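Engineer: Starting from these lines, generate the structure:
(chains A and B)
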Amino acid sequence: MAPHNAQNDTVTCTIDGLEVTVPAGTRLIEAAARVGIEVPHYCYHPGLSAPAQCRMCLVEMEGAPKLLPACTAQAGDGNVIHTHSEKSLKAREGVLEFLLLNHPLDCPVCDQSGECGLQDYVAEEGRKMGRFVEPKRILGRDDFGGDVLYYGDRCIMCTRCVRFMREVAQDERLTVVQRGHRAVIDTFFDEGLEGSLWAGNVVDVCPVGSLVSKDFLHKARAWDLDRSPSVCPNCSQGCNISIQTFNNQVTRLKPRPNMEVNSHWMCDYGRHNYQWMNRGNRIEAPMVRRDGKLVAVSWSEAMRTLADTLGKGSHAVRAVVSPFLSNEDMGALRRVMETMGGGDGVYRVETGEEAELPGFPTLKLRRDRAANGVGAELFGYRRAGGDDGTGGLDDLAGHDDVLFVAGDEIQDAPTTFGEKAAVFVYLGHALSDATRNADVVLPATSFAEMEGTFTNYERRIQRFLPALQGPGMSRPIWQILGVLLAGISEKAAPATIDDAFDALAEVRDDFGALSFRTIAPRGTVLPGFPALSEAAGR
Amino acid sequence: MAYPFVHPDETRVLSKHFGEPEARTLAGWEARGGYQALRKAVEMGPAEIVSEVKDSGLRGRGGAGFPTGVKWSFMPQASGKPHYLLCNADESEPGTFKDRELIRWTPHQLIEGCLIGARAINVQHVYIYNRGEFFETTQILARAIEEAYEAGYIGKDILGSGVDIDITLHMGAGAYICGEETGLMNSLEGRRGEPRLKPPFPAAVGAFGRPTTINNVETLCAVPHIVTHGGEWYRQWGTEKSPGTKLFCVSGHVRKPGNYEVPLGFNFREFIYEMCGGPPEGRALKAVIPGGSSVPILRPEEIDIGMDYEAMAAAGTMLGCGSVIVMDETTDIVKQVRRMSDFYTHESCGQCTPCREGTAWASRILKRIEDGWGSEEDLDTLLELSENMAGKTICTFSDAAAAPIVSSVQKFRDDYLALIRRGENLAASA
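Structural biologist: Numbering: from 1, shown residues only, chains lettered A, B, ... in the order given. A predicted model of the protein is given here:
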């Protein structure tokens, strides 16, 4: 018998022989998770209410007459729980057999195959052979609108999607219609999920292949995907995501749980805005202008040429950075500018309507539709241009000394942009009419192709990992500019992302308290700034 | 001898005025001593009523048989929120028709019971949830409620006592599961009729999230009599643990089907053969379902028992809501069980996997056996799937769906085997 801990509001129970102490009111499924025991479940989702209706998580408690649903039963002091006893295994085997009765078993053509809750648990705890010989019930498919397709026959009626729309999106568009084994999920109105900013999450919460994304449909098999933890670049919220790629192509973005930023969710604007990461018309080699033409050269030649041209003297530097650059990239350019005698830098960002997720109000599609506008501000860049992310370059277009354009393609700039500059350096992904005027063109990787950090709206520094291989000879901007800096000053070039991050302290003192390796898994809010709840959204 | 069949051995307390149309009116009911119990109750005060009902040993007549007085005492005294009394008139168990008759003939008896019940648990609002198909009784009850409002029995300051009680009549839409207490609450609130997970229990979080007590029609109808005559008086009938009288609804192969009120503990064989006249001439009894389609079936040799909660439980079945379905030797048990199983398949709310899928699967297996395509393994499958259904869901619907299947396979295995063999022979000869 475990000691009674009434005073400190914790309870101690034994789960599968392991003693665990949890706050009073903790549900068994969560208490079990603390000691590394997964209780199979379908209707339970940590971000939703638990209706205890799938009956998968039934566990045995010594002294209780019936099996208990671990998703709602609370751990009590001295409880002795068996999650994998004969009785609970038998009950779960029964539930799995029931779930498979009318399931079409179309795994070979199902998008969920390989990451399917039904497959996994049936393989672990199900019967080897089903006994159902009757014809299966057919419910058919439905287009739910937006990006969501519904396969009724695969549905296990866990109602996670209904509860997501009701409790989190608070925009009740889905419901269960009919009852008994004829029950299906359906939309209330003709538009269905069309126009809902959060509907994509119902595909994520679906434990089986019932709700699937039209965009991802039949694109790739789950087991062929490479998954890289990253941060959504499409607004300043900084939702934690997994970039999922197949053959070096991004196939989809999925949210990663981070209770301090995005809970388990992300918006459809961010989710579906990934095609640009796959663009094909990328610059693949460094280029320098020779006899009026850009010619491809090796990295060493390009860097030597650039360093020699700039020399060690001071210049009047002007710069344009993209708000999609990492902190390290922006900081590296700022260091180059400081070394050359300082100068004025701008960034331009597209903005849009803010939209809040009512069930998790700190998650918003933010006004700034780029990941690192806040980072740009931190590193001394000034916001320029209009709400559509264009304009604001008039005073740079005719600049007659050193001009850097990093990441921003400046599509909208006049074709004469930078013609008067003594040295015009472009670091980016693709050439536009304006950037063709550059004297040196250096191929840079996108955030999806490199390690780095973004600073979100509340100055939370979050790391991301590379998901794609950069095209050709492309390199991260921090690396390129680090080498340049070594060429025009006594400073050492950063060998790793750690070095690049450490160097940020040269530009901003507050970064000195952090290092790349010690940024928390949930991100670290820059010291001296308010945390999530108090932060003003931008 | 008026109301379809009345037997001299009956003990008619609740059903005394069945068959008397004038008892439906307020004047007629008052002439029969109506609303005297209410006058007494408003003077008695809540605690005294609860204690009187506790003394009477009255048990819930909806099927579970939980002591009513004890249930009432679970209600919090004052939570600062409105509390509710729900009257479950969603009589939907196949074979049951006692509540319909109570409302049809004696609507004021129910109203009086509701008012006294509300007084006992300090409730200002009573909802009567009437079954969707009960058009006639809804009209009768609605008229009676109107009369009682006009006469000052319902509403503000009842009988000058300062007690306010309102009664709202609500019609269901005809779903079996809305007779389950928490399913009823969801339905009343305008949600899908899906039972809720317990705990929390209704006495803590019930209708509209408020403390709620829910009682069956017959239970509430017994309350005025107990208040009038006292708990000890009610105990003159029945057994120690199952006191009082109960209405039994008899249908099927008996010569005199209908409602009969007898003391609990009445001999079941005598009840079927004497009171109801037994099966038609020249036919032998084959099976009896004693408490509605959700309880295990009894064989003819098992009916020498008392009609009370304990004796029925000892015989491996349940008294349920007292709906006796009698089947004689002409009955195809497999067909009957399949028919019941189809009912449960149709009525399962579909929340819990075992019930949603299990009911439909059982129906299909039974249909296949009935059609002559079954095998002995199917019987094992039926038993095992029933085991996977029973006790594993939010409410007891799946237990109810499994009960007739399990008991029929166990007790009438030969009937199943005969159909299976016949099919095999037909297949072999073809």
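
Engineer: Surely residue A:390 is in contact with residue A:320?
Structural biologist: No. Applying C-beta atoms under 8 Å, one finds residue A:390 not in contact with residue A:320, separated by 11.8 Å. (Each C-beta comes from the backbone N, C-alpha and C, glycine too.)

Engineer: And the two? Which one has more around it.
Structural biologist: residue A:320 (26 against 15; other C-beta atoms under 10 Å in any protein chain shown).

Engineer: for the host helix or strand of the more buried one, what is the average pLDDT?
Structural biologist: For residue A:320, the host element (DSSP states H and E) is strand A:317-321. Across strand A:317-321, the average pLDDT comes to 96.

Engineer: now whichever helix or strand comes after that strand and strand A:317-321, what's the angle there?
Structural biologist: Counting by DSSP H and E, the next helix or strand C-terminal to strand A:317-321 is helix A:327-339. Here helix A:327-339 points in a direction 170 degrees away from that of strand A:317-321 (axes from the mean of the first three to the mean of the last three C-alpha atoms, to 10 degrees).

Engineer: And the pLDDT at the residue of the stretch 301-430 of chain B found nearest chain A?
Structural biologist: Relative to chain A, the nearest point of the stretch 301-430 of chain B is residue B:388 (3.0 Å; C-beta to the nearest C-beta). You'll see residue B:388 listed with a pLDDT of 96.

Engineer: all strands for the stretch 401-538 of chain A, in order.
Structural biologist: Counting by DSSP state E, counting those that start in this stretch, the stretch 401-538 of chain A has strands at residues A:402-406, A:423-428, A:440-443, A:452-455, A:460-464, A:524-525.

Engineer: For the longest one, name the packing helices and strands.
Structural biologist: This means strand A:423-428. The contact analysis (3 or more C-beta pairs under 8 Å, 6 or more residues apart in numbering or on different chains; DSSP states H and E) places strand A:423-428 against helix A:299-310, strand A:402-406, strand A:440-443, helix A:477-488.

Engineer: Of the ones you listed, give the one that comes closest to chain B.
Structural biologist: Checked against C-beta to the nearest C-beta, the stretch from these lying closest is helix A:477-488, at 53.0 Å.

Engineer: The longest strand anywhere in chain B pairs with which strands?
Structural biologist: Longest strand in chain B by number of residues (criterion: DSSP state E): strand B:245-252. In the sheet, strand B:245-252 lines up against strand B:258-263 (antiparallel), strand B:323-328 (parallel) (DSSP bridges).

Engineer: ok, residue 322 - how many residues close by?
Structural biologist: All of this refers to chain A. With other C-beta under 10 Å as criterion, residue A:322 counts 26.

Engineer: Chain B was what I was after
Structural biologist: 27.

Engineer: residue contacts, it?
Structural biologist: Going by C-beta atoms under 8 Å, 6 or more residues apart in numbering or on different chains, residue B:322 touches B:61, B:96, B:98, B:246-249, B:291-292, B:307.

Engineer: And the furthest pair within those residues?
Structural biologist: Using C-beta to C-beta, the pair of those lying farthest apart is B:96 and B:307, separated by 15.0 Å.

Engineer: mind putting the contacts of residue B:322 in a markdown table, pLDDT included?
Structural biologist: As requested, the contacts of residue B:322 are arranged in a markdown table below (pLDDT from 0 to 100):
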| residue | pLDDT |
| --- | --- |
| B:61 | 95 |
| B:96 | 95 |
| B:98 | 96 |
| B:246 | 97 |
| B:247 | 97 |
| B:248 | 97 |
| B:249 | 97 |
| B:291 | 94 |
| B:292 | 93 |
| B:307 | 97 |
